[in-house]
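this one's sequence-less:
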């Protein structure tokens, strides 16, 4: 299977972001992608944290969900829709939801981000729990290449999340890592998740300076089960695309059967 991670520098206007996402999804399809993933917050990177609350859709449907379904159906491609804001029981908070659509345009999975980012170093301050309600469910779904596990951005720092999915062929991480934390930890954490789970990791990021002044790290990439970075896009909008070699993954698991060596009883 050929997979693509789309990198964006989303702005505060959803209509503009939708146009960019459509153009990049079509580009991924033209290059042979059968599965594509959008970044976290692809539809809106607001001027204020509360802006995304104002654009939240009900889970029953909305323009963002219709767009993702339509693109998946039209392009005959599985689309992992980064994250979009969905309404929660708290009118002041949203679910940061990752929706998956199959080639028929049917929603086949939903993951609500579990771990909410908090960071403060004197110059930067982020507290997602002010506007986001955490999810409770670990989510994966079956595909032609086996199980695909879903995580979002800050989830990357919690390896137990991915281990609890069981063996996956691919882990997908839409993200909007800050420049500060991304420069220090992004690649090493992604490679660690690939190595310890002996699977591919596809990370789709925001990558640049947004109209709010926020700077995101970018570096969307695909990593193989041995921890090698196959392809990477440093900054700016665009995509990374490559084939998954499941035979190579199975050979690694056979040569070094670490997944079978775990001792849960201890």
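Everything's here; your move. Note that the structure is predicted; figures quoted are calculated from it, not measured. Numbers count the residues shown, from 1 in each chain.

ok, residue 198 - how many residues close by?
Look at residue 198: counted by other CB atoms under 10 Å, it has 21 neighbours. For glycine as for every other residue, the C-beta is placed from the backbone atoms N, C-alpha and C.

right, and it touches residue 248 too?
No: if you go by CB atoms under 8 Å, residue 198 and residue 248 don't touch, sitting 10.7 Å apart.

who touches both of these two?
Counting by CB atoms under 8 Å, 6 or more residues apart in numbering, the shared contacts of residue 198 and residue 248 are residue 225.

okay, and for the protein, where does confidence drop off?
For the chain, applying pLDDT under 70 flags no range at all.

hey, where'd the helices end up in it?
Under the criterion DSSP state H, helices of the chain are mapped to 14-30, 51-54, 63-75, 159-163, 179-181, 187-197, 246-255.

how many neighbours does the residue nearest to residue 70 when sequence neighbours are not counted have?
Nearest non-adjacent residue to residue 70, counting by CB to CB, 6 or more residues apart in numbering: residue 105, 6.5 Å away. Residues lying near residue 105 (other CB under 10 Å) number 17.

relative to residue 34, how far out is residue 105?
As judged by CB to CB, to the nearest Å, residue 105 and residue 34 stand 15 Å apart.

now residue 134
Counting by CB to CB - residue 134 and residue 34 are separated by 32 Å.

who does the spatially most central residue of the chain form a beta bridge with?
For the chain, the residue nearest the mean C-alpha position is residue 174 (1.6 Å; CA atoms, centre = their mean). Beta bridges link residue 174 to residue 204 when assigned by DSSP bridges.

who are the contact partners of residue 21?
Here residue 21 is in contact with 6, 8, 38, 42, 43, 67, 71 (criterion: CB under 8 Å, 6+ apart).
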